[in-house]
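> Fold the following.
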Amino acid sequence: MTTCMRSIALFFIVLSIFPGCKKKVNEFYDPPANPDPAIYQQLQAKGKFTKFLSLIDKAGYKQTLSTAGYWTLFAPSDSAFQTDAEFAAFLQSRQISSVSAMDSATAQSIVQYLLVFNAFNRNLLDDYQSNLGWINNSAFKRRTAYYTGFYNDTTSAGQAVIAIASNRNNVNIATAGTPYYVSSDNNNKYIPYFTNDFLTNTGLSSADYNGFYPNTTFSGFNVANAKVTEKDIPAENGVIHVIDHVVTPLASLDQFLRSKPEYSEFRNLFERYMVLFIQNADATHRYQVLTGQNKDVLVKVYSSLLSYSPNNENYLKQQDNDGQRDGWSMIVPKNDSLLKYINTVLLENYPSVNSLPLNIIADLLNSHMWQTSLWPSKFNNTVNSLVEPPHIDYQSNIIERKILSNGIFYGSNKVNEPNVFSSVYGKAYLNPKFSLMTRLLDNDLKSVLTNPNAKYTLFMMPDVVLRAQGYDYNSATNLFTFNGVGNDTNRLNLLRILNSSVVETPNGELDALGTPGFAGTGAVSTFGGEVIKYKGNQIISAGTSDRNLTVTIDSVKTAKNGRVIYLNGLLYFSYLQIGNHLQALGTAPASEYNLFWNYMKRSQVYDSVLFTILGTSAGSFYTVFVPNNNAVRQAIADGQLPGTVANPNFSPTLGSDKLLVANFVLYHVVDRTSIIADKKAVGFFPTLLRSASSDPFTINVQYPGNVFEVSDQLNVKHAHLLYGTTNQTSSDQLSNRTVIHLIDNYLKHP
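Have a look, this model is predicted:
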């Protein structure tokens, strides 16, 4: 049918080029002498729509369906009224004894809901009317003539109001240009239908249909819970499709929740914290004209923190008809499941729901909201508004399924717990004592630490410790402050501490930390690239070493994707330079770093004022492999350093000897990487020593026999890390974005 429509369009283009054809075209498109009767008369003539015709009469639609127009009507036959248990329940819920006893308003709602704007035969009905043209087999809904309009509602404060639903999502008007309510839009409801072509094109099957309509056989063309028994009946003013059930107006997600007490706690979160009733002049004027009552009308507006407004029938409205091919979805937990989750998880560190930040409530709600259709066959792979797939099982947790006018509803016996709560990130997010840390995480690491497919150890940064050190946040200026002064440097410094507090531990490498009696030692690379160490339950960073601080573990908690460790301090970074730390390590004559330090501090590649090594720069990472004293003596004996073993020449005067020292020092500094013995850094790494063509000479890190080994570029010298009982005899010494190792051999540069 879509191809046909395109052909007709092409035909009219040809006509404009060849006007001589106009007479024949007019003859072809003039109404025939005996056109098909209008919809109302067609129904009369067939003799099997008496009950539906009575509803049309009562609804006041006889004239509309007897005159010119373009309509699609889904018409229930008389037998549909007699055998439809759901329609009988519909009547009973409204205390209507029979069709003949139905009031005009109810009749009008049914007729309008079965009446679709524009005439669509079966082949065109499942094509999507995009702004750029028809898209085949992509639609499963059409906008109907029915809308709810004004209704009675109650605010969270208990005030009774005349309300009208918002008909747009509540977005930032300044940036998006779309208000939450457009007075010219009636918020018309959509009616769902399903065809073979639509299911095939979208990768669905009849099982998806029967997931919502288990008592109806899928026939290849169904409208809600009804089968189409006769299609494409032409009429002067549209098309008729006959259905075997009476499809009544579907509720929106907002309306459905209002009618379901078993989900009232979930709805209360919306109503108390995410809804405002805002007076609207246009809606008020319209109401007063229609009713003659001098009352204000308030628009029920959902918070912009939510991914959509559950009372909006228009979907995204990025295109006028985008509701034809998609809609909202919502999974709603039953009251008992939700209350248990709120009390045990969300309120672990808060006294009541009223004290929760609105963002937390919004995240809980958004984790149950999808901006797309969540079909049964695609349940496990369709992400929600937090970009997460469902965390519940379709078979065991979903207890109710409904297709509604603006989306899909699932009832659940389990909360869809979002990663922002269940991850290591959640331990900060759900605790008001870590508000500054949460703000920093949101700035840089939230998406990382909420990933359920990775494992992390997170060292916590409590507000009280940060504030004791002078840090805070000024919400008026959106700046982190230090001793009252706000600037971006404060944020960057805090982020550096934060990044040193995150360790990726895919194999539970730090699971022993915080356990009773743990006395292990080691070093780990943090997310920011810097190295920290642990010694029993003490955690050591370069900055804590500089300050002689002892930071220890207070407690540990487990999350879905790792562990969080609560400390009594912060993992500060160092403001000192590499030279400062090498000086501290190598000055003592008995230190194993002594000979290397004495050569380096007098070399032409070391700045004794700035304590920096030539080729290093602030912000980069380095590894310094320091040969121990015996290894330096061997280098002297091998002619790699000036002097003799008995009398090392730390201050050579010859240019060639100065170059020996400079090259020796630079070749033992790895550029851009901090390497520790964790088997993660393997292979060749550039050093600070460059060739005549400025190419870096390299060293090679391997693990023969599972033992860390570093060798030179030509594989001549091999060295291993040394560990003693003091800093002056051990590797894993921490500096500014640098780790310093003591090795048992020197590395010979090419």
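> So for residue 120, what's the nearest residue that isn't a sequence neighbour?
residue 72 (4.8 Å; C-beta to C-beta, 6 or more residues apart in numbering). The C-beta positions use only the backbone N, C-alpha and C, and glycine is treated the same way.
> C-terminal to the lowest-mean-pLDDT helix or strand in the chain, what's the next element?
One helix or strand of the chain scores below all others by mean pLDDT, DSSP states H and E: helix 22-29, with a mean of 36. Moving toward the C-terminus from helix 22-29, the next helix or strand (DSSP states H and E) is helix 39-46.
> which other helices and strands contact that next one?
On a contact count with 3 or more C-beta pairs under 8 Å, 6 or more residues apart in numbering; DSSP states H and E, helix 39-46 meets helix 50-59, strand 71-76, strand 226-235, strand 238-243.
> Using PDB, write down the CA coordinates of that helix.
The C-alpha trace of helix 39-46 is given here as PDB (Å, rounded to 0.1, in the frame of the first residue of the first chain):
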ATOM      1  CA  ILE A  39     -19.900   4.400   7.800                       C
ATOM      2  CA  TYR A  40     -23.100   4.700   9.800                       C
ATOM      3  CA  GLN A  41     -25.200   3.500   6.800                       C
ATOM      4  CA  GLN A  42     -22.800   0.700   6.100                       C
ATOM      5  CA  LEU A  43     -23.300  -0.600   9.600                       C
ATOM      6  CA  GLN A  44     -27.000  -0.300   9.300                       C
ATOM      7  CA  ALA A  45     -27.100  -2.200   6.000                       C
ATOM      8  CA  LYS A  46     -25.100  -5.100   7.300                       C
END
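> what angle sits between it and strand 226-235?
110 degrees (axes from the mean of the first three to the mean of the last three C-alpha atoms, to 10 degrees).
> on that earlier part again, tally of neighbours for the residue nearest to residue 120?
Close neighbours of residue 72, defined as other C-beta atoms under 10 Å, add up to 23.
> per-residue confidence for it?
pLDDT, residue 72: 99.
> Equivalent analysis for residue 554, please.
Looking at residue 554, the pLDDT reads 96.
> Spatially nearest residue to it (excluding sequence neighbours)?
Distances taken as C-beta to C-beta, 6+ apart put residue 566 closest to residue 554, at 4.5 Å, once the chain neighbours are dropped.
> Give the rounded mean pLDDT of stretch 183-203.
pLDDT averaged over stretch 183-203 gives 98.
> Give the buried residues for that stretch.
186-195, 197-199, 202 (16 or more other C-beta atoms under 10 Å).
> And those, which is closest to residue 413?
Distances from residue 413 to the buried residues of stretch 183-203, taken as C-beta to C-beta, are shortest for residue 192 (25.7 Å).
> Quick check: residue 94 touching residue 106?
Yes: counting by C-beta atoms under 8 Å, residue 94 does reach residue 106; the two are 6.4 Å apart.
> more crowded one of the two?
residue 106 (20 against 11).
> in a strand, that's where that one is, yeah?
No: under DSSP: H, G, I helix; E, B strand; the rest coil, residue 106 sits outside any strand and is assigned helix.
> got the contact list for it?
94, 96 (C-beta atoms under 8 Å, 6 or more residues apart in numbering).
> low pLDDT regions in the stretch 451-600 of the chain?
By pLDDT under 70, the stretch 451-600 of the chain contains no weakly predicted segment.
> so where do the helices sit in it?
463-468, 488-499, 542-546, 578-586, 594-601 (DSSP state H, counting those that start in this stretch).
> a markdown table for those helices, including mean neighbour count and distance to residue 235?
Below are the helices of the stretch 451-600 of the chain laid out as a markdown table (neighbours: other C-beta atoms under 10 Å; distance: least, C-beta to C-beta, whole Å):
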| stretch | mean neighbour count | distance to residue 235 |
| --- | --- | --- |
| helix 463-468 | 15 | 71 |
| helix 488-499 | 18 | 68 |
| helix 542-546 | 22 | 81 |
| helix 578-586 | 21 | 87 |
| helix 594-601 | 23 | 95 |
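> I appreciate the help and will end here.
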